[in-house]
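Visitor: Give me a 3D structure for the following:
(one chain, ligands or ions: 2)
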Amino acid sequence: MRQPNRLSLSETACLLALVGVSIGITANSLRDDGRPLTVSFAFSLLGFAASYSLIRWLGPTFMRAGLKGKDMAKVNKPEIPETMGAVCAVVYLLLLIAFIPFPFYKDIVAATSGGGNRDVVIQVDHVETGRYLHRFPHNKLASYLSGILSLQAIVLLGIGDDLLDIRWRHKVLIPALGAFPMLVVYFVDFGVTHVVVPLPLQKYLGQLIDLGWLYYVYMAAVAIFCPNSINMLAGINGIEVAQSLVIALLLMINDFLYLSPFTSYPHPATDSHLFSIYFLIPFVGVSLALLYHNWYPSKVFVGDTYCYFAGMVFAVVGILGHFSKTLLLLFIPQMVNFLYSCPQLFHLIPCPRHRLPRYNPSTGLLENSVTEWKQPPSWPIHFILTTLARFRLVGIKTNDRGEIVESTNLTLLNLWLLWLGPMKEERLVLHIVFLQIVCGIIALFVRHRMALLVFPADNLSLGASQV
Ligand code: UD1
Ligand code: MG
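Guide: Residues are numbered from 1 along each chain as shown. Ligands and ions are numbered 1, 2, ... in the order given. Prediction:
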């Protein structure tokens, strides 16, 4: 009998073919000056193959180590391996490190006269031939490495969380610790804390405004929000990885809009967006391998490690690439889920350990999960809940005295079920992924069609300011 943790013959053949293609592309690119974008794609294929095999092989080992979880929306609640995001994250980090020579190598050689001396400051290569636009100047290496450091930190902390099941009020701050290396390097290496003022306000505030230390608070807030918001829009098969893949692909579309032929070379933001692409292409590779195993019916769970890791990849590219506002525009469903959850997160409404939709074994459908009120809510909460219930923004159950005894958990998944009625798990995940795609496309459209109304520069126009 075939063991589920073994790769079948056809899977092995396909994965070996992928590895062969990846090695072929990389070797070929060495002949004509590297071509980092092509190599990044080849590394992504390698990442897919490595993650796919390792997820399969390591499943039983993870279970034995206690890294497992019950699939709540199935009849017998089977136990499957959890924290598989850690496998993807480790493969991803190794790939990012192995990728360093491709965008940076020539620059390092040109800036060194041999024997470790750094006395040649003029990059002769660039003076004679012009810098290859897909390569980075050496100073970008610090940013790149700080991104890797932050991702390593978050993966370590994420595995700790999956092992120890840390309480919510403590773990929300985990990403702030993860972001620390990136923010410190940002401080010493780049240190820009200016933001462009929207055109209508420029009369009063000038073209740029220096936010100083507040800018670091803002960046830390972005780094806390992205990982946690993905971890909160979770609990049904495939949703964590699928939403992350949609965000990654939309970010890549946004990045490519800053490269030739979509924008005129050399655009001041080209480097930042190439930087982002180099982080995102391998992320897509490892995530696709995870999605294959995590899609309904899940054979593995991703764990908090994946949610933190994915969110931190986005925070790293958004912060170090200086497009955090665009990044946040792609998080609209997560923002709605977060704002809607706030009354439970701040314990104005009781918050059970799990708020994922409830599986009804007699129908096989997912229904709203509820929180029970052991004591009736105070009158302001009662008033707010009954008003929201009138607009079908929450479901409530009252006793014969008119007191609320049950209210639906405040998550986007429950709200969707409240509006559309009970549905199958695989249908709900497709709905939410579709919602993420639609919101993201609208956000990108607004960003690129309307930005010039309020900001002086964009990929379509350089304008006077080059920030
Ligand atoms: C967050 C949510 C919690 C939700 C949980 C689901 C908040 C404040 N917390 O908590 O409400 O219940 O995510 O991931 O919003 N699981 C499934 N099917 C899946 C994925 C997960 O049944 O497709 C279950 C498994 O039992 C798994 C567990 O959820 O072991 C993972 O929960 P965990 O990631 O530890 O929850 P939190 O991130 O703390
Ligand atoms: Mg989680």
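
Visitor: ok, the nearest residue to Leu329 once chain neighbours are set aside - contacts?
Guide: Closest residue to Leu329 apart from its sequence neighbours, by Cβ to Cβ, 6 or more residues apart in numbering: Ala443 at 3.9 Å. All C-beta atoms are positioned from the backbone trio N, CA, C, and that covers glycine. By Cβ atoms under 8 Å, 6 or more residues apart in numbering, the residues touching Ala443 are 250, 326, 329-330, 332.

Visitor: Mind doing that once more with 7 Å?
Guide: Residues in contact with Ala443 (Cβ atoms under 7 Å, 6 or more residues apart in numbering) are 329-330, 332.

Visitor: now do Asp255
Guide: So, once contact is read as Cβ under 7 Å, 6+ apart, Asp255 ends up touching 273, 276-277.

Visitor: Helices of the stretch 101-250 of the chain, start to end?
Guide: Remark: helices assigned in the stretch 101-250 of the chain by DSSP state H, counting those that start in this stretch are 101-110, 124-129, 140-164, 168-171, 174-189, 202-205, 213-232, 239-256.

Visitor: Single out the most deeply packed of the ones you listed.
Guide: Most buried of these, by mean neighbour count (mean count of other Cβ atoms under 10 Å): helix 239-256, with a mean of 22.

Visitor: For whichever helix or strand comes after that helix, name the packing helices and strands.
Guide: As assigned by DSSP states H and E, the chain's next helix or strand after helix 239-256 is helix 270-294. Applying 3 or more Cβ pairs under 7 Å, 6 or more residues apart in numbering; DSSP states H and E, one finds that helix 270-294 contacts helix 36-64, helix 85-99, helix 140-164, helix 239-256, helix 303-320.

Visitor: Helix 270-294 versus helix 36-64: what angle between them?
Guide: Interaxial angle of helix 270-294 relative to helix 36-64 (axes from the mean of the first three to the mean of the last three Cα atoms, to 10 degrees): 30 degrees.

Visitor: ok, back up a step: for ligand 1, state which of the contacts of Ala443 is nearest.
Guide: Ile332 (17.3 Å; Cβ to the nearest ligand atom).

Visitor: ok, the closest one - contacts?
Guide: Counting by Cβ under 7 Å, 6+ apart, Ile332 touches 439, 443.

Visitor: Which strand or helix spans the residue in the stretch 51-200 of the chain that ligand 1 sits nearest to?
Guide: Here the residue of the stretch 51-200 of the chain nearest ligand 1 is Gly69; by Cβ to the nearest ligand atom that distance is 2.2 Å. Using DSSP H and E, the element containing Gly69 is strand 68-70.

Visitor: how about the helix or strand following that strand: buried residues?
Guide: Where DSSP H and E defines the elements, the next helix or strand beyond strand 68-70 is strand 79-81. For strand 79-81, burial by neighbour count (16 or more other Cβ atoms under 10 Å) applies to 80-81.

Visitor: Begin at 2 from now on, thanks
Guide: Done: numbering now begins at 2, and the last item shifts to strand 80-82.

Visitor: Give me the contact list for strand 80-82.
Guide: 60, 63-64, 68-72, 299-302.

Visitor: a markdown table for those residues, including neighbour count and pLDDT?
Guide: Output for these, formatted as a markdown table (neighbours: other Cβ atoms under 10 Å; pLDDT from 0 to 100):
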| residue | neighbour count | pLDDT |
| --- | --- | --- |
| Gly60 | 21 | 95 |
| Phe63 | 22 | 95 |
| Met64 | 16 | 94 |
| Leu68 | 22 | 94 |
| Lys69 | 17 | 95 |
| Gly70 | 18 | 95 |
| Lys71 | 13 | 97 |
| Asp72 | 20 | 97 |
| Ser299 | 21 | 96 |
| Lys300 | 19 | 96 |
| Val301 | 25 | 97 |
| Phe302 | 27 | 97 |
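
Visitor: Out of the residues you listed, which comes closest to Leu260?
Guide: Leu260 has its nearest neighbour among the contacts of strand 80-82 in Val301, at 35.4 Å by Cβ to Cβ.

Visitor: what's the distance between the closest one and Glu404?
Guide: 43 Å (Cβ to Cβ, to the nearest Å).

Visitor: can you check Asn255 too?
Guide: 50 Å.

Visitor: got it, and Leu330?
Guide: Applying Cβ to Cβ, the value for Leu330 to Glu404 is 42 Å.

Visitor: neighbour count winner among these two?
Guide: Neighbour count, other Cβ atoms under 10 Å: between Leu330 and Glu404, Leu330 has more, with 19 against 12.

Visitor: So the more buried one is in contact with His449, correct?
Guide: No - using Cβ atoms under 7 Å, Leu330 makes no contact with His449, being 10.6 Å away.

Visitor: tell me the mean pLDDT for the biggest strand by length in the chain?
Guide: Scanning the chain for the longest strand, with DSSP state E as the assignment, gives strand 405-409. What strand 405-409 shows for mean pLDDT is 96.

Visitor: Other residues contacting it?
Guide: So strand 405-409 is contacted by 350, 369, 371-374, 377-378, 383, 386, 395-400, 415, 419 (Cβ under 7 Å, 6+ apart).

Visitor: is ligand 1 contacted by it?
Guide: No - Strand 405-409 stays clear of ligand 1 (Cβ under 6 Å from any ligand atom), getting no nearer than 12.7 Å.

Visitor: Buried residues, that strand. List them.
Guide: 405-406, 408-409.

Visitor: Just flag the most distant two among those residues.
Guide: Val406 and Thr409 (12.5 Å).

Visitor: Now the helices and strands packed on helix 271-295 in JSON lines, please, with extra columns for distance to ligand 2.
Guide: As requested, these are exported to JSON lines (distance: least, Cβ to the ion, whole Å):
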{"stretch": "helix 37-65", "distance to ligand 2": "16"}
{"stretch": "helix 86-100", "distance to ligand 2": "10"}
{"stretch": "helix 141-165", "distance to ligand 2": "8"}
{"stretch": "helix 240-257", "distance to ligand 2": "7"}
{"stretch": "helix 304-321", "distance to ligand 2": "4"}
